[in-house]
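Asks: here are the coordinates; sequence isn't available:
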């Protein structure tokens, strides 16, 4: 399923690039806003998905009253996203309708995981580790909260992009307990 989402996102980006270049009134600046690999800006992403999607400036997005920050990257709100969150280079996408169904520590872990992709790249294990270490350092992820994250992720089956949830949980516990992380 994740491989299909990744492919769908690639197609969306490529299609968005073509649409911008061919759209009436599109100019060189519109085409220039897409990187060479067809990755949209947050505004282009919002224009492509429509609905009530919107871009929030860095630090404007809140989860249960707590401001979320991922460097200077904006957050796109997309209630049509087929997952809890996603990341494109340069911005994070969150689906509040899905997030409303999980606990605060899980919400914050999801955001931090997507932020991990911004700073550490596409590797899922690395993003998981980034998220739990950030949560521990910032004080919002306690051992009890990590248990909630593990309960959330453990039923997940592995796919082309992710290990099985139980493996991810075991790995996150090691990252969380790593004494070298301050």
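Replies: Looks like it arrived, so ask away. What you see is a predicted model, and the numbers here were worked out from it, not measured in a lab.
Asks: ok, residues contacting stretch 122-137?
Replies: By CB atoms under 8 Å, 6 or more residues apart in numbering, the list of residues contacting stretch 122-137 from outside reads 105, 108-110, 112-117, 119-120, 141, 145-146, 149, 161-163, 168, 171-172, 175-176, 178, 181-182. (C-beta placed from N, C-alpha, C; glycine too.)
Asks: mind listing what's buried in that stretch?
Replies: Neighbour counts over stretch 122-137 (16 or more other CB atoms under 10 Å) mark 124-136 as buried.
Asks: what about the spatially closest residue to residue 57 that is not a sequence neighbour, how many neighbours?
Replies: Spatial nearest neighbour of residue 57, excluding adjacent residues (CB to CB, 6 or more residues apart in numbering): residue 74 at 5.8 Å. For residue 74, the neighbour count with other CB atoms under 10 Å is 20.
Asks: these two touch, right, residue 114 and residue 86?
Replies: Yes: the criterion here is CB atoms under 8 Å, and residue 114 meets it with residue 86 at 6.6 Å.
Asks: shouldn't residue 98 be in contact with residue 78?
Replies: No: look at residue 98 against residue 78 with CB under 8 Å: they stay out of range, at 10.2 Å.
Asks: looking at the two, which is more packed in?
Replies: residue 78 (23 against 16).
Asks: residue contacts, that one?
Replies: 45-46, 49, 51, 53, 93-95.
Asks: ok, 6 Å please
Replies: Going by CB atoms under 6 Å, 6 or more residues apart in numbering, residue 78 touches 49, 53, 93, 95.
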